[in-house]
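Undergrad: Return a 3D structure for these sequence lines:
(chains A and B)
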Amino acid sequence: AQTVTQSQPEMSVQEAETVTLSCTYDTSESDYYLFWYKQPPSRQMILVIRQEAYKQQNATENRFSVNFQKAAKSFSLKISDSQLGDAAMYFCAYRSPQNTPLVFGKGTRLSVIA
Amino acid sequence: NAGVTQTPKFQVLKTGQSMTLQCAQDMNHNSMYWYRQDPGMGLRLIYYSASEGTTDKGEVPNGYNVSRLNKREFSLRLESAAPSQTSVYFCASSRRELTDTQYFGPGTRLTVL
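TA: Residues are numbered from 1 along each chain as shown, chains lettered A, B, ... in the order given. This next block holds a predicted model:
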């Protein structure tokens, strides 16, 4: 079974600085999908970014980008120019192309210091 | 465009009581999901519905039942609530089951005393 590991329970970053959240996963599949979700205090899960494993190019969405290292099974999230509104729990998730559900990591709580 | 809505937002039950959590989406998505989130854990899938008329068990289905009432609505029922079911429950939907991005509702915080 696939597993997703987020080794940093908590992180903090100064406003306007850059922070990287780590995620590793375990799979024997060659094709799959990876996601980062943000959960602010409102509790709603918000998609931040998505990466298809067959794409070599790292996904980017404005200030959010990923470093996808397929061989290392690593999928880190970089947040540039951090803002107070970025403070939240961040969850990494894996999805097989088969009919299987999302597998989530346990999350990283990010604090942004003014 | 409301996206995914859930009712109620908060609920307190006594052990043995029953209740139904409601979820609706207005994005014309085919697939819908119910998750629970416990402290220090990621989300765990309870049940999902790949399409109208079908439901399947997820990782933690025991103690729950679901109904895909129509394409828009997917309800989660607790027949006899237990304190172990105290959690935050999230509904989600996606256009298709396979690889599409899931969009989440705001969650329901349930406490079972």
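Undergrad: what's the residue closest to the geometric middle of chain B?
TA: By Cα atoms, centre = their mean, chain B has its centre lying nearest to B:Trp34, at 2.8 Å.
Undergrad: other SSEs contacting the helix or strand hosting that residue?
TA: Secondary-structure assignment from DSSP states H and E places B:Trp34 in strand B:31-37. Strand B:31-37 makes packing contacts with strand B:19-25, strand B:43-49, strand B:64-68, strand B:74-78, strand B:87-94 when contacts are defined by 3 or more Cβ pairs under 8 Å, 6 or more residues apart in numbering or on different chains; DSSP states H and E. From N, CA and C alone the C-beta is placed, and that goes for glycine too.
Undergrad: Of all the residues in the first one, which ones are buried?
TA: By neighbour count on 16 or more other Cβ atoms under 10 Å in any protein chain shown, the buried set for strand B:19-25 is B:Leu21, B:Gln22, B:Cys23, B:Ala24, B:Gln25.
Undergrad: tell me the angle it makes with strand B:64-68.
TA: Counting by axes from the mean of the first three to the mean of the last three Cα atoms, to 10 degrees, strand B:19-25 lies at 40 degrees to strand B:64-68.
Undergrad: could you check the angle strand B:74-78 makes with strand B:19-25?
TA: Using the same axes, to 10 degrees: strand B:19-25 against strand B:74-78 is 170 degrees.
Undergrad: For strand B:19-25, name the packing helices and strands.
TA: Packed next to strand B:19-25, using 3+ Cβ pairs under 8 Å, 6+ apart, are strand B:4-7, strand B:10-13, strand B:31-37, strand B:74-78, strand B:87-94.
Undergrad: same thing but at 7 Å, please
TA: strand B:4-7, strand B:74-78, strand B:87-94 (3 or more Cβ pairs under 7 Å, 6 or more residues apart in numbering or on different chains; DSSP states H and E).
Undergrad: what does the third one give?
TA: Based on contacts counted as 3+ Cβ pairs under 7 Å, 6+ apart, the elements that strand B:64-68 packs against are strand B:43-49, strand B:74-78.
Undergrad: got the contact list for the helix or strand of chain B with the lowest mean pLDDT?
TA: When each helix and strand of chain B is scored by mean pLDDT, DSSP states H and E, strand B:103-104 comes last, with a mean of 88. Contacts to strand B:103-104, defined as Cβ atoms under 7 Å, 6 or more residues apart in numbering or on different chains, come from residues A:Gln44, A:Met45, B:Gly3, B:Val4, B:Met27, B:Phe90, B:Ala92, B:Ser93, B:Ser94.
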